[in-house]
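Trainee: This is a predicted model, with the sequence first.
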Amino acid sequence: RAYRTSEDAGNSYDPYATALRMQDSLRSDYDWSKVYYAYWIDSIAPQINATYPTLEIVRYDTLWIVPPDIYTLVPVAGYPEGAEDAWYSENGGNLANWHSQVEQWTNNGYAGLADVATDPQGFLQPQTPQFNTLFNDLVGKKNNETEGGTRFYDRSSLVHVHGEKIFKPWWADEIRLGANMRRYTPDSDGTIFSDTNGRVIANQEVGLYTGIKRHFLEDKLIATATVRADKNQNFNLVMSPAASLVWTPTPTDFVRLSFSSALRNPTLADQYLFLNVGPATLVGNLEGAQDLVTVQSFINYRNSSSGTNIAFNLDTLQYFDIAPLRPEQVRTLEAGYRTTLGEKLYLDANYYFSWYSHFIGYNIGLDVQFENPQFPEFITGIDVYRYAANSLNQVQTQGASLGFNYFLDDNFTLNGNYSWNKLVKTDEDDPIIPAFNTPEHKYNLGLTARGLEAKGKDSWGFSLNYRWVQGFVFEGSPQFTGFVPAYDLLDGQVNYKFDAQGLTVKAGASNLLKNEHIETYGGPTVGRLAYISFAMDL
């Protein structure tokens, strides 16, 4: 088989980058903060000073004076115990209102500051002519260094070819021999990938595999073994062996044991991405990166100047390098059991344990530029980068699932399943951000009815399914990393089959009760989706 896929981004654009570009084109963050500060000092600070606790003498310290070699008492000023906490407690609402007021003033005016008086407008009301003109200008130009807009251009393509031959010798059930080839051709004109200034990117990978399957013990035991070799043009050859046993001691009992291995080549984004999203630049990683500063150490550096120590301490900065990407490899041990109890209850249980080498995630680092390293308080620039990166140590995952079907009678079935998935980082100091993005616990329960009698030979059925998903941390881009709260949903559908016409009509809805929720941090709120379908037997 062979196929080709082609992309076309159409008129899509980056809404987050568009908002940032619109803000910056009106007034820089620096100028906006100056205006805000001026309004706050002029209008709000006097109100705070009028009610804020006053300094009092809270104690006396002794001081030895030489000469005349005597102790003297020195008054120490401070706020009465609990006075500041009480003020903040009483004025929490006022602070919020004052902020909203100053924010509105800042968006509308310039507080008489000469350096921003030439462009006083700080905020454009959506759908006004000025807003639409600026918006259309940005989304009409490509999101690259040449045009400076926010529109994506993507004409990437993929060609895939796959062939397989099955042999059936006398000494085995079957032998499979296969191969595949993929060729990726990214084409984003620098709006997504690093194909800037006419640079052409292409990526090719090939794979070969073979496997054998055979029955033993009067067909009660099935054994399989496979091995696969994969080579991407940017990475070394990787071998992936696997084997499994399925034992059927009785017609209703199945025991599964397997060892498998697989690889995940870095995606095109992992290899070639170059996308400025505002707070950070997302970068692919084929060459590695050097001399990046950790985020926490930079925070410590900025806090190293305080009190009488006005100099920043360069020794607090921690630098690190990121190695070029390698393919991710995983080894998995799995055990499962499936049975039927009586004639009504079907059970399926499964447990797996996986360990990853070179787990692909992200590292975030800073490129800090100093005007003069001898005077580290003068920083000329800070660039934040999110690099695709491998874990420094082994990453482990484990999980289990349990599913059941209970046949109440010929028409009604109860079903449900529960799954548990857990990520384990073997080294907590590893800076990798794994982006596991999987809830630890989730389950669903359902009721299905089919073949219920209707008039004539017609029949109808329905299904209800309840789903619950535990909250989890979703790790994506720097601005899209956060907690996804737990949510539950009820899905339902009803169907009617017209036997004479061979027509089945189905109507239903997912999230029947319209429990609005998010499934990815920074993603859209998901509500109800209703549908109707028609299927006809020809």
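Mentor: Noted; the coordinates are in hand.
Trainee: all contacts plus neighbour counts: C-alpha atoms, from now on.
Mentor: Will do.
Trainee: any low-confidence regions in the stretch 251-400 of the chain?
Mentor: For the stretch 251-400 of the chain, the stretches flagged by pLDDT under 70 are 305-311, 373-377.
Trainee: check contacts around Asn276.
Mentor: Residues near Asn276 by Cα atoms under 8 Å, 6 or more residues apart in numbering: Leu282.
Trainee: and if you look at Ala435?
Mentor: 361-362, 474-476.
Trainee: Of the residues you listed, which is the nearest to Leu512?
Mentor: Proximity of the contacts of Ala435 to Leu512 (Cα to Cα) peaks at Phe474, which lies at 25.1 Å.
Trainee: Please report how far the closest one lies from Asn415.
Mentor: 29 Å (Cα to Cα, to the nearest Å).
Trainee: Looking at the two, which has the bigger crowd around it?
Mentor: Each of Phe474 and Asn415 has its neighbours counted (other Cα atoms under 10 Å); Phe474 has more, 21 against 18.
Trainee: just the strands in the stretch 101-250 of the chain please.
Mentor: Secondary structure of the stretch 101-250 of the chain (DSSP state E, counting those that start in this stretch): strands at 157-167, 174-185, 203-216, 221-232, 238-250.
Trainee: These into a markdown table, with extra columns for distance to Glu371 and mean neighbour count?
Mentor: Converted to a markdown table, the strands of the stretch 101-250 of the chain look like this (distance: least, Cα to Cα, whole Å; neighbours: other Cα atoms under 10 Å):
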| stretch | distance to Glu371 | mean neighbour count |
| --- | --- | --- |
| strand 157-167 | 44 | 14 |
| strand 174-185 | 41 | 17 |
| strand 203-216 | 40 | 17 |
| strand 221-232 | 42 | 18 |
| strand 238-250 | 46 | 16 |
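Trainee: Same list (those strands) but as a markdown table, adding mean pLDDT and distance to Asp315.
Mentor: Output for the strands of the stretch 101-250 of the chain, formatted as a markdown table (pLDDT from 0 to 100; distance: least, Cα to Cα, whole Å):
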| stretch | mean pLDDT | distance to Asp315 |
| --- | --- | --- |
| strand 157-167 | 97 | 48 |
| strand 174-185 | 97 | 45 |
| strand 203-216 | 97 | 42 |
| strand 221-232 | 97 | 41 |
| strand 238-250 | 96 | 41 |
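Trainee: domains of this structure?
Mentor: For the chain, the structural domains run 27-123, 393-537, going by the TED database.
Trainee: among these, which is nearest Val159?
Mentor: Set against Val159 and scored by Cα to Cα, these come closest in domain 393-537, at 28.1 Å.
Trainee: just how off-centre is that closest one within its chain?
Mentor: Relative to its chain's centre, domain 393-537 lies at 20 Å (Cα atoms, centre = their mean, to the nearest Å).
Trainee: Then stretch 21-30?
Mentor: Centroid separation for stretch 21-30 versus its chain: 28 Å, with Cα atoms, centre = their mean.
Trainee: Can you give me the end-to-end span of it?
Mentor: In stretch 21-30, first residue to last residue: 14 Å (Cα to Cα).
Trainee: State the mean pLDDT of that stretch.
Mentor: Stretch 21-30 carries an average pLDDT of 82.
Trainee: Output the strands of the stretch 101-250 of the chain in TSV, with distance to Thr397 appended to each entry.
Mentor: Formatted as TSV, the strands of the stretch 101-250 of the chain follow (distance: least, Cα to Cα, whole Å):
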stretch	distance to Thr397
strand 157-167	31
strand 174-185	29
strand 203-216	26
strand 221-232	23
strand 238-250	18
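Trainee: Can you check which of those gets nearest to Asn197?
Mentor: strand 174-185 (16.2 Å).
Trainee: which residues sit against that closest one?
Mentor: Strand 174-185 is contacted by residues 156-169, 201-214 when judged by Cα under 8 Å, 6+ apart.
Trainee: Report the backbone C-alpha coordinates of it in PDB.
Mentor: C-alpha atoms of strand 174-185 as PDB (Å, rounded to 0.1, in the frame of the first residue of the first chain):
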ATOM      1  CA  GLU A 174       3.200 -18.100   9.500                       C
ATOM      2  CA  ILE A 175       6.300 -15.900   8.900                       C
ATOM      3  CA  ARG A 176       5.900 -12.300   8.100                       C
ATOM      4  CA  LEU A 177       8.500 -10.200   6.300                       C
ATOM      5  CA  GLY A 178       7.800  -6.500   5.600                       C
ATOM      6  CA  ALA A 179       9.300  -3.100   5.000                       C
ATOM      7  CA  ASN A 180       8.200   0.500   4.900                       C
ATOM      8  CA  MET A 181       9.500   3.900   3.900                       C
ATOM      9  CA  ARG A 182       8.400   7.400   4.800                       C
ATOM     10  CA  ARG A 183       9.500  10.700   3.300                       C
ATOM     11  CA  TYR A 184       8.500  14.000   5.000                       C
ATOM     12  CA  THR A 185       8.700  17.300   3.200                       C
END
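Trainee: partner strands of that strand, parallel or antiparallel?
Mentor: Strand pairing for strand 174-185, determined by DSSP bridges: strand 157-167 (antiparallel), strand 203-216 (antiparallel).
Trainee: Any stretches of the stretch 1-150 of the chain with poor pLDDT?
Mentor: 64, 66, 109-122.
Trainee: Break down it into its helices, ranges please.
Mentor: Assigned by DSSP state H, counting those that start in this stretch, the stretch 1-150 of the chain shows helices spanning 15-26, 29-39, 45-51, 83-90, 92-108, 129-139.
Trainee: Pull the number of nearby residues for Asp154.
Mentor: What Asp154 shows, counting by other Cα under 10 Å, is a neighbour count of 20.
Trainee: contacting residues for the nearest residue to it once chain neighbours are set aside?
Mentor: Counting by Cα to Cα, 6 or more residues apart in numbering, Ser188 is the residue found nearest to Asp154 once chain neighbours are left out, at 4.5 Å. If you count contacts by Cα under 8 Å, 6+ apart, Ser188 has them with 152-156, 195.
Trainee: Return the members of those classed as buried.
Mentor: 152-154, 156, 195 (16 or more other Cα atoms under 10 Å).
Trainee: Kindly reformat those as CSV containing distance to Phe123 and pLDDT.
Mentor: CSV is the format used below for these (distance: Cα to Cα, whole Å; pLDDT from 0 to 100):
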residue, distance to Phe123, pLDDT
Phe152, 25, 95
Tyr153, 29, 95
Asp154, 32, 95
Ser156, 37, 95
Asp195, 35, 92
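Trainee: Please report the distance of the closest residue to Gly416 other than its chain neighbours from Phe472.
Mentor: In space, and not counting its chain neighbours, Gly416 is closest to Leu445: 4.2 Å by Cα to Cα, 6+ apart. Separation of Leu445 from Phe472 (Cα to Cα): 21 Å.
Trainee: Comparing the two, which residue is more hemmed in?
Mentor: A side-by-side neighbour count of Leu445 and Phe472, using other Cα under 10 Å, places Phe472 first with 20 against 17.
Trainee: Next, the contact list for that one, please.
Mentor: Taking Cα under 8 Å, 6+ apart, we find Phe472 in contact with 437-440, 483-486.
Trainee: Select from those residues the one having the most neighbours.
Mentor: Result: Val484 is most packed of these (other Cα under 10 Å), 21 neighbours.
Trainee: what's the first-to-last distance across stretch 185-196?
Mentor: Stretch 185-196 end-to-end distance (Cα to Cα) = 14 Å.
Trainee: and Leu257, what does it touch?
Mentor: 244-246, 333-336.
Trainee: looking at this, it is in a helix?
Mentor: No. Under DSSP: H, G, I helix; E, B strand; the rest coil, Leu257 sits outside any helix and is assigned strand.
Trainee: tell me the phi and psi of the residue lying closest to it once chain neighbours are set aside?
Mentor: Of all residues not flanking Leu257 in the chain, Ala335 sits nearest, at 4.7 Å (Cα to Cα, 6+ apart). Taking degrees, to the nearest 10, you get phi -130, psi 140 for the backbone angles of Ala335.
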